[in-house]
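Participant: need a 3D model of the following:
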Amino acid sequence: MNKESPQKYQDFAKSFKAALTNSSIYFSNHPVFSHSVENLKAKILEIIGQKTSLTIEVKPESLIVDEQVLEGKGDQELANFLHLRRIKRLTIKSEATEKDLSEFLLLLSSNPKEILTQGGIKKLLQTKKIENVALDELDYSSLLRGDGTRIKDVWSYLLSSQPSQDRSSKDDGFSSSFQETVDKFGIKEVLEDDNLLRNLISIIQTKNKEKAKEILKKMGTAILKTGKIGRVESREKLKKLFSFLSSEELADLILDSFNSKATIDQSSFDLFSFLIPSEVHEKAAMALSEKVKNNNSKINAEKIKNILSSLKKEGIVSTYCKHLLSDSSSAGPPKANFVFDRKHLTDNYRLTLLDLFFYEKKPLRLELVLEKITDELKIDFPKKSEYIEKIAKIYKLKQNKEKIEISLNSAKKIWGETEKNIFSLQNPNQFSFLTDFLEKSQLEVGYYLSKIERGQFNELVFKLFFRFFPDQLGRLMEVAAAKKDNSGYLKKFLVDLAKAGHPLVLEIFKNLYSLGSFQVKVMVLEQLKDCAECSQDFLAVPLRSRNFILRKKAAALAAKFPGSREKAAKMFFDLPNILGFKSNLILENIEIAAEIYNPAVEPFLEKISKYKFFWNRKVRKKAAFVLRKYYEKPD
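Facilitator: Okay, the predicted model is just below:
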């Protein structure tokens, strides 16, 4: 905090932050929270004095409280907290009651996305009728220069807000800045944000056609540049939207993409072809041909010819080749009638490198070849699984059979590059051979843990981690424990961890279960179903739980693993029911047994169906009913 700021301003900021922290931990009527609100009000009145209100301006890395600048570490954290909730200026009137402050703090402590989807803090204040706290929200245009996921959350709010007098100008800003934003996030990231995609579609469908077409053109250009738009659902939604474009507009879009600096490959063109109806492509190809002729630009013609020549002459590509490859030659001097196939040449080059690697025996030359192969691995790595597998086979052959030494430097380069690329793979199954081939890591354990902490992992990453660093399990547990409150991260972590299928996986699941909240426990039990085995000792904990949901999920797991069935049945039903004290628990467990078939419970149900005494009437009846269902179940 700024040392030059008077103490009362420093005390106010500390009190504000403490009250915010307590609002996210305690209930609204908890004494600790109530006390922090009282303290905050006292600090506010101390600053206000004879004035009518207190004003707080939120800057990127500081707070300005009645012209006093607060810019310490704690103040920056508080400014960041408020900025994330789109608060630009906050005004608290002297008439604000503790109830006003309490409700305002509870609103602030909500998840930022939830706040945005409900219309923002300002709207929530109006809904709650909190009149003694007012605020100005951040302007849309000032946020367009931001980065990271925050801006997408803000856009989701802005795009979903109700029409207002300034909405038109915001849409203009959105349209003109769309390309810039795609460059920052990538079209795939933008379109995988459900809120943003939904509201983007809404704008395109409801706003005037010119704006809609402008946004669609920029989306199309981005797709041609990257060839990625994420999930199948996104593709289907976008396919309907692109029907807005005429063949002329489509031609402009493709021409702009061809003239950009980005590389357009087969996958990006195939994806774009999928989004546009085939009948439109024919007209677009003719329009594009006319534009190239009228442009009188040799650069345009040559670039288009090179791009189309590098693609497979199939489907929609053949439509464009038919109209453009012959026409583009007219923009320059006559040339030989052949097509330059860049892809074919690249494939031949890579196969030549493999041949050189296979036949070369001199260490120095081998090192040069491996250096070139390493360079090739940096280009479009996810599509090179077969190529890398061939490299691995030749590598092993030369070391084991030919006894040719390959320098440690070359090995570190080629397999280090391979390891680094594994973290970003969306479909790691094609590279599963690496778990058997790679005997040691070319990277440090810290590199793995850093990537995992940032969410850059998949099942193959975990398989390799357990292969290379089994003694570092504790450090991996620490990373997972630190993320236990991040549900999105944790779900992906558990899914990929379960797929890794290593015995150590269960230790991490146990640790998270013991540390986590109810939601974490549920996630752990749900993902355990994908594990190859589950220890009886671990299942004993949720099977004894008082929570019906946890017991039910544990029972489903026990039924799946034969070795756990009998123990689970015994824990569920081998319960003394003196005077009916455990009748409710037994009834719930019978209900679970009715839904989840476990043959080991039959003798217990039969025993319960014969219990004596009047307090066992309900459990007797329920057990007999479920037992009949078990007898009727076919083997």
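
Participant: what are the ranges of the helices in the stretch 51-200 of the chain?
Facilitator: Secondary structure of the stretch 51-200 of the chain, counting by DSSP state H, counting those that start in this stretch: helices at 73-84, 98-108, 112-117, 121-128, 140-143, 149-160, 167-185, 187-192, 194-206.

Participant: rank those helices by pLDDT, which is bottom?
Facilitator: Among the helices of the stretch 51-200 of the chain, helix 140-143 has the lowest mean pLDDT, at a mean of 43.

Participant: beta-bridge partners for Val65, please?
Facilitator: Ile56, Gln68 (DSSP bridges).

Participant: you'd agree it is up against Leu54?
Facilitator: Yes. Between Val65 and Leu54 there is a contact at 7.1 Å, judged by Cβ atoms under 8 Å. Where C-beta positions appear, they are placed from N, C-alpha and C, glycine not excepted.

Participant: where in the stretch 401-550 of the chain is pLDDT low?
Facilitator: Scanning the stretch 401-550 of the chain for pLDDT under 70 picks out 401-409, 530-537.

Participant: mind listing the helices for it?
Facilitator: With helices called from DSSP H, counting those that start in this stretch, the stretch 401-550 of the chain shows them at 408-422, 434-437, 445-453, 459-468, 473-482, 487-500, 505-515, 518-528, 536-543, 548-560.

Participant: tabulate these in JSON lines, adding columns for distance to Ile47.
Facilitator: Listed next are the helices of the stretch 401-550 of the chain as JSON lines, based on distance: least, Cβ to Cβ, whole Å:
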{"stretch": "helix 408-422", "distance to Ile47": "53"}
{"stretch": "helix 434-437", "distance to Ile47": "62"}
{"stretch": "helix 445-453", "distance to Ile47": "40"}
{"stretch": "helix 459-468", "distance to Ile47": "52"}
{"stretch": "helix 473-482", "distance to Ile47": "37"}
{"stretch": "helix 487-500", "distance to Ile47": "39"}
{"stretch": "helix 505-515", "distance to Ile47": "41"}
{"stretch": "helix 518-528", "distance to Ile47": "40"}
{"stretch": "helix 536-543", "distance to Ile47": "52"}
{"stretch": "helix 548-560", "distance to Ile47": "49"}
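
Participant: any chance of those in TSV, plus mean neighbour count and distance to Phe81?
Facilitator: Formatted as TSV, the helices of the stretch 401-550 of the chain follow (neighbours: other Cβ atoms under 10 Å; distance: least, Cβ to Cβ, whole Å):
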stretch	mean neighbour count	distance to Phe81
helix 408-422	17	35
helix 434-437	14	43
helix 445-453	17	22
helix 459-468	21	32
helix 473-482	16	20
helix 487-500	19	20
helix 505-515	19	25
helix 518-528	19	23
helix 536-543	18	36
helix 548-560	21	33
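
Participant: near Phe433, how many other residues are there?
Facilitator: For Phe433, the count of nearby residues is 13 (other Cβ atoms under 10 Å).

Participant: how close does the nearest residue to it once chain neighbours are set aside get to Phe437?
Facilitator: Excluding the flanking residues, the one nearest Phe433 by Cβ to Cβ, 6 or more residues apart in numbering is Glu389, at 5.4 Å. Separation of Glu389 from Phe437 (Cβ to Cβ, to the nearest Å) stands at 8 Å.

Participant: again with Tyr611
Facilitator: The value you get for Tyr611 to Phe437, if Cβ to Cβ is used, is 61 Å.

Participant: right, and Gln456 touches Ser424 too?
Facilitator: Yes. Counting by Cβ under 8 Å, Gln456 does reach Ser424; the two are 6.4 Å apart.

Participant: how about the closest residue to Ser102 other than its chain neighbours, secondary structure?
Facilitator: What sits nearest to Ser102 in space, not counting adjacent residues and going by Cβ to Cβ, 6+ apart, is Val37, at 5.0 Å. Here Val37 is helix, with the state taken from DSSP: H, G, I helix; E, B strand; the rest coil.
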